[in-house]
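Visitor: need the 3D shape of this:
(one chain, ligands or ions: 1)
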Amino acid sequence: MGTAPGWRSGLGWLLLLWLLSTLGFGWLLRSLAVLVALLVLVPAIAVVAGQWWWRQNTIADACPMCQGEFTALRSTSVNCPHCGEALTVVDRRFTRYTPPGTIEVEVQTIE
Ligand SMILES: [Zn+2]
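Guide: Model prediction:
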């Protein structure tokens with residue numbers, strides 16, 4: 001048998017009104033306030049936490065080779081996007097990456 005959808009929603013509204021009058025609007029307003037606060041606070045906290053994580057885990061500095069500034073994730077080694085130089089992060093600054101055991105020797109001319 002086909003019951004009109006309007007009848008059903010009308011009953012739903014009546015039930016809602018009955019619930020409201022039974023439980024009280026104060027309770028509803030309080031739970032709505034909590035819900036709205038959660039809806040506002042949760043994304044705000046997520047954004048703040050994301051920014052905090054980003055600041056903790058990224059380095060923004062200039063490349064020591066080409067002076068090009070870029071932001072990179074804090075990792076053991078990174079390649080400069082401007083000149084491709086292999087860099088490492090030391091004290092939140094980019095420094096040239098020299099593989100262990102490699103000694104940079106300046107070419108000396110013997111006279
Ligand atoms: Zn560079």
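
Visitor: pull out the buried positions in the helix or strand of the chain with the lowest mean pLDDT.
Guide: Across the helices and strands of the chain, mean confidence by mean pLDDT, DSSP states H and E is lowest for helix 5-23: a mean of 80. Buried residues in helix 5-23, counting neighbours by 16 or more other Cβ atoms under 10 Å, are absent. Heads up, the C-betas are built off the backbone N, CA and C, glycines and all.

Visitor: now swap in stretch 78-91 and tell me
Guide: 78, 80, 85, 87, 89.

Visitor: skip the chain neighbours and tell me the closest residue to the first one.
Guide: Put plainly, it is residue 78. residue 72 (4.5 Å; Cβ to Cβ, 6 or more residues apart in numbering).

Visitor: so where does that neighbour fall, helix or strand?
Guide: Taking DSSP states H and E as the criterion, residue 72 maps to strand 69-73.

Visitor: so after that strand, what's the next helix or strand?
Guide: By DSSP H and E, the next helix or strand past strand 69-73 is strand 78-79.

Visitor: how much space between the residue nearest to the spatial centre of the chain and residue 44?
Guide: Centroid-nearest residue in the chain, with Cα atoms, centre = their mean: residue 50, separated by 2.7 Å. Computed as Cβ to Cβ, to the nearest Å, the residue 50 to residue 44 distance reads 11 Å.
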